[in-house]
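Undergrad: Sequence and predicted model, in that order:
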2 protein chains.
Amino acid sequence: MSTLPFDLDDPLLAAAAWSRIAEPGDEVAGALVAHLGAPGALRWLVDQERAVLLESPLPAGSVSAQRALAAGVARWSPRLDGLDPRRELAVLERTGGTVLLPGDDRWPHRLADLGAAAPFALWVRGQPDLGAACRRSVAVVGARASTSYGEHVTAQLVAGLVDRGFTVVSGGAYGIDAVAHRAALVNGGPTVAVMAGGVDRFYPQGNHELLRRVAETGTVVAEVPPGSTPFKQRFLARNRVIAAMTAATVVVEAAWRSGALSTARRAADLLRPVGAVPGPVTSMASGGCHGLLRDGVATCVTDAAEAAELAGTVGRDAAPERAADAADAADVTDGLGDAERAVLDALPARTGTDVSALCRIAGRSLPEVLGALGLLESRGLVRSDGTQWRRVVAAVAGRVRG
Amino acid sequence: MSTLPFDLDDPLLAAAAWSRIAEPGDEVAGALVAHLGAPGALRWLVDQERAVLLESPLPAGSVSAQRALAAGVARWSPRLDGLDPRRELAVLERTGGTVLLPGDDRWPHRLADLGAAAPFALWVRGQPDLGAACRRSVAVVGARASTSYGEHVTAQLVAGLVDRGFTVVSGGAYGIDAVAHRAALVNGGPTVAVMAGGVDRFYPQGNHELLRRVAETGTVVAEVPPGSTPFKQRFLARNRVIAAMTAATVVVEAAWRSGALSTARRAADLLRPVGAVPGPVTSMASGGCHGLLRDGVATCVTDAAEAAELAGTVGRDAAPERAADAADAADVTDGLGDAERAVLDALPARTGTDVSALCRIAGRSLPEVLGALGLLESRGLVRSDGTQWRRVVAAVAGRVRG
């Protein structure tokens, strides 16, 4: 063969063709396309197939680059057979979808960090401006075999992220992914599902209705063209897109071999912040999260504020200090100095005591004890009948916290 | 006063006296005793109380050291009144206890890391050789308001630590501490309870029976003499002893203001490994543990092997890699290369396919596909009727892990 039935110089058709010829993340193809452009790379490949000898079109033509290129041609050529991206574009068109190319304003700019492994094109259904959607975004991913704990936490986390104006990106899988998308929809927030196969067919089948709703208000996107099967390798490749297009990745539940861990590790490789939500150590479903924490890959994330802090702008999205939490009942001894605390502790609960005994019991000097008593009295924590000092009963709270 | 009724030059009596005169962790007293010895420091203090002018016995007699010393004398002097450590030693003797001094072979040598804040003496009930007991030891501490989750995890953790020959050290408090001691006893392991008050009275009252049992086979110890009340400050000071005498500290459950966090922070200050056991983020009782993980103070610990790794000897106590866990079912694709995986994924489940179609679907060259098919066939994962290749059914497992 090697006479292709479409215009090889059309940048859209050429990029669409490359997204079919090369497997996602093929860095040799990526380098070739980056160097010659999608049309030029495609024309070169067609010519190569005709020729017997290879001549590298890449500048640093080392032997290993030559070999990689020759292996690439051997890999890509079988897919030139019957290649016609117009068919796939027509399928996409029937779903009302769009193809985004790198350089498009709507292209999520963070994908550039993937370098030669970046997608050639994005096949999009729904809201096409992924650039805007991903500006403030968090990937929320996790186990397909989620527990009700993980689902509950995901729903809370996503609700809080939507509140804070984040787009929630996930993989559309069963379990945590599905809960993340659903919670975003319920809270009226934007959500993006990144597919491992073509967007013409929502996968997995059981999430069809959910993904249809995601495509209505958010986006369903894939780097492989319609008709592509979601092979295992493509799930792993898909995970790198989720990791790369978002500002941070949070893993909610993941067993030791969960695919969500690959998303986390890809994100870490890209120096993106990674969070992991801990869970009971007795739950296998949290084992992978705990592994990420142990390995130092992930920061411990327990709520939306902490997830937002990972993904957000310093200052704007800083999580509140826990000590300031309103839920945390203030201790009567807050703001007291060491001497005041010591004197308060030393005061018996029921009987009174004089100042010199207080010095002995508290292990403080006379001036310290007198000063402390003054401050404690002004706070209403102690009282005196002239010589004997005693505690005011409410002050017992906060005592003896071992 | 200032004529003490006992022999100030007796090292035991003098150290016992200092453990009563100065509050735990009083670094000025510690420096003084380190410099002059307990008898010398005591004699100096008695002389000071008589004199009006202070002359520093410490070498670097800066103004601030002078001031600290003057403040110390003011703090310590009230407790010279009626001081007689022979009474406290008699009380200890009635319980069958022992006093350990620094330098004793049975003294837990790690306490030296506390420097001037190290205890003057240890008042011990039960097995007196704390040096031996703490050689291989882990502090297991946590919230008094523990949950059944935390108690379950503590029991598992301690059982595993005892198995591995570790002494379990804790604070004898309600909740996690009590479960830690109890689990050690049940598993026939050594355990040490460090008290905030005197060892003559087991505190809290509700743990009396438990602490009595700890003293039978393990050790109950305090740095304050019998008769001392467990003031709040002394709990914090006690926590530093727990942190210092053990090889590592593990916090099982701790709310945001739990005293167990102070033990963890003290341990971290001493550059001792700190572990925190995660729990459900919905549980307040794990909030403090998650905080330690977030702040990077603690390593995530999910079982005894990981706790042992923190506290143990490199090599001997390394936790097993999770991927090698027997519980983790092996995947049929384990050990396959990328090309083999891609070809296996590309093979349809029911129908057969020929080699050239496989090249196209898998995105691999002919030699790669032929090589992969050979290896897969030798593993019994694929078979062929001559031209058509198909997967062997069991090989479906492990496919599509998103």
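TA: Perfect, I can see it now.
Undergrad: if I pick the residue nearest to A:Pro102 when sequence neighbours are not counted, what's in contact with it?
TA: Excluding its sequence neighbours, the residue lying closest to A:Pro102 (C-beta to C-beta, 6 or more residues apart in numbering or on different chains) is A:Ala118, at 6.8 Å. Placement of C-beta: from N, CA and C, glycine included. Shown in contact with A:Ala118 (C-beta atoms under 8 Å, 6 or more residues apart in numbering or on different chains): A:Gly30, A:Pro102, A:Leu111, A:Ala112, A:Ala244.
Undergrad: these two touch, right, the third one and A:Ala244?
TA: Yes. Here A:Leu111 lies in contact with A:Ala244, judged by C-beta atoms under 8 Å, at a distance of 5.2 Å.
Undergrad: So which of these two has more stuff around it?
TA: A:Ala244 (26 against 21; other C-beta atoms under 10 Å in any protein chain shown).
Undergrad: separation between the more buried one and A:Glu93?
TA: 27 Å (C-beta to C-beta, to the nearest Å).
Undergrad: can you pull the buried residues of the one helix or strand A:Cys134 maps to?
TA: Assessed by DSSP states H and E, A:Cys134 sits inside helix A:130-135. Within helix A:130-135, the residues that count as buried by 16 or more other C-beta atoms under 10 Å in any protein chain shown are A:Leu130, A:Gly131, A:Ala133, A:Cys134.
Undergrad: Which elements pack onto whatever helix or strand comes next after it?
TA: Sequence-wise, the next helix or strand downstream of helix A:130-135 (DSSP H and E) is strand A:137-141. With contacts defined as 3 or more C-beta pairs under 8 Å, 6 or more residues apart in numbering or on different chains; DSSP states H and E, strand A:137-141 has these neighbours: helix A:148-163, strand A:167-170, helix A:176-186, helix A:232-245, strand A:248-251, helix A:260-269, helix A:304-311.
Undergrad: among these, which is nearest chain B?
TA: Nearest to chain B among those is helix A:232-245; the distance by C-beta to the nearest C-beta comes to 4.4 Å.
Undergrad: tilt between that closest one and helix A:176-186?
TA: 50 degrees (axes from the mean of the first three to the mean of the last three C-alpha atoms, to 10 degrees).
Undergrad: quick one: the longest helix along chain A near chain B?
TA: When chain A is scanned for its longest helix (criterion: DSSP state H), the result is helix A:27-50. No. Interface with chain B: helix A:27-50 contributes nothing (C-beta under 8 Å from any C-beta of the partner chain), its closest point being 9.8 Å away.
Undergrad: The following helix or strand past that helix: how far from the chain's middle?
TA: Downstream of helix A:27-50, the first helix or strand assigned by DSSP H and E is helix A:63-76. Put simply, helix A:63-76 sits 34 Å off its chain's centre (C-alpha atoms, centre = their mean, to the nearest Å).
Undergrad: And for stretch A:359-369?
TA: 55 Å.
Undergrad: Name the residues that touch it?
TA: Taking C-beta under 8 Å, 6+ apart as the rule, stretch A:359-369 contacts A:339, A:342-343, A:345-346, A:353, A:355-356, A:358, A:372, B:21-23, B:26, B:71, B:74-79, B:81, B:229.
Undergrad: now, which of those lie within strands?
TA: Members of these lying in strands (criterion: DSSP state E): none.
Undergrad: could I get the contacts of A:Ala118 as CSV with pLDDT?
TA: Shown next, in CSV, are these (pLDDT from 0 to 100):
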residue, pLDDT
A:Gly30, 96
A:Pro102, 96
A:Leu111, 98
A:Ala112, 97
A:Ala244, 98
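Undergrad: In contact with the residue nearest in space to the middle of chain A, which residues?
TA: In chain A, the centroid-proximal residue (C-alpha atoms, centre = their mean) is A:Thr249; its distance is 1.4 Å. By C-beta under 8 Å, 6+ apart, the contact list for A:Thr249 reads A:Val138, A:Ala139, A:Val141, A:Ile242, A:Ala243, A:Thr263, A:Ala264, A:Ala267, A:Arg272, A:Pro273, A:Val274, A:Gly275.
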